[in-house]
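> Pasted the sequence and its predicted model underneath.
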Amino acid sequence: MSTTWLKKIGATVALTLAAGAASAETLRVVTDPSFVPFEMMDQETGEMVGFDMEIIAEVAERAGFDYDLNTMDFNGIIPALQTGNVDIAIAGITITEERSQIVDFSDPYYDSGLRILVRNGEDGVSTLEDLEGKKIGTKIGSTSYDYLMANIDEDDGVTPYPGSSDMYMALMSRAVDAVFYDAPNVGYFARTRGDGKVTTVGPLYEGQQYGIALKKGSEWVDDVNEALAAMKEDGTYKAIYEKWFGEMPEDM
């Protein structure tokens, strides 16, 4: 076979591979910009960074899709999936039976729960019962808000905020007595911006699992699950986890 013919075959193969790469479907992915350290804006680069951002990037590469990433308030994410305005959402979204009726979820990729956060020196709060009649900050559309509504009798003081930074500012400024929200988020705030000023108290409430949410009937559910499983199998998930949260528990 001539060298010229080999070059033609090589060029054809290269063009075919390039066309295949170019034809990868581009999905619309959305996240909440204020759920640190899962997703947050890097003030220097203007890009979204965090645990979830690394997870979705790796999942997309393994599952074989490209994506456009946009942000919105958390309470708008499920409705956006429900109406088909977005294809995938990753934002520390708790898998619930109610949500599963209107969107599809991947297999769980993070185990979480709910936790109380108070100002340092607040000795009167250590359990959920101690929050009765107090001003409590939480997040609009979150499972923490739903949990408070179901378990606090005197719930007039529960204030849902659009972003996690808003409820933390309310706590620091004494507009609320406590914050009740996802454990990894309140823990991260207590270790960083709130260090020496706030502390987490009490047990972990309502064990939860986060999942990647997809619009109902999505053809990508199996591919996403396979990607997550492979990441856990080859150690990629562990490396990402420990970058953002420290040593990974053995049972995860």
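That came in fine, so what should we check first? Bear in mind the structure is a predicted one, so any value in this text is a computation, not a measurement.
> What residues of the one helix or strand Ile55 maps to count as buried?
Following DSSP states H and E, one finds Ile55 within helix 51-63. For helix 51-63, the neighbour count (16 or more other C-beta atoms under 10 Å) marks Phe51, Asp52, Met53, Glu54, Ile55, Ile56, Glu58, Val59, Ala60, Arg62, Ala63 as buried. Yep, even glycine has a C-beta here, placed from its N, CA and C like the rest.
> helices and strands around it, which ones?
Secondary-structure packing of helix 51-63 (3 or more C-beta pairs under 8 Å, 6 or more residues apart in numbering; DSSP states H and E): strand 26-31, strand 39-41, strand 66-71, helix 221-234, helix 236-245.
> please redo it, this time with the cut-off set to 6 Å
Packing contacts for helix 51-63, counted by 3 or more C-beta pairs under 6 Å, 6 or more residues apart in numbering; DSSP states H and E, involve helix 221-234.
> And the helix it packs on, how far out from the chain middle?
17 Å (C-alpha atoms, centre = their mean, to the nearest Å).
> What average pLDDT does that helix get?
Mean per-residue pLDDT for helix 221-234: 98.
> Pull the residues that contact it.
Helix 221-234 has contacts (C-beta atoms under 6 Å, 6 or more residues apart in numbering) with Glu58, Val59, Arg62, Ala63, Asp104, Ser106, Asp107, Tyr109, Ile212, Leu214, Tyr237.
> Widest-spaced pair of those?
Greatest spatial distance in the contacts of helix 221-234: Asp104 and Tyr237, 20.7 Å, computed using C-beta to C-beta.
> quick one on the thing from earlier: Thr96: which of the buried residues of helix 51-63 is nearest?
Distances from Thr96 to the buried residues of helix 51-63, taken by C-beta to C-beta, are shortest for Asp52, at 17.9 Å.
> what residues are up against that closest one?
Phe38, Glu39, Ile90.
> neighbours of the residue lying closest to Ile93 once chain neighbours are set aside, just the number please.
When the adjacent residues along the chain are set aside, Ile93 lies closest to Ala213, with 5.1 Å between them (C-beta to C-beta, 6 or more residues apart in numbering). For Ala213, the neighbour count with other C-beta atoms under 10 Å is 28.
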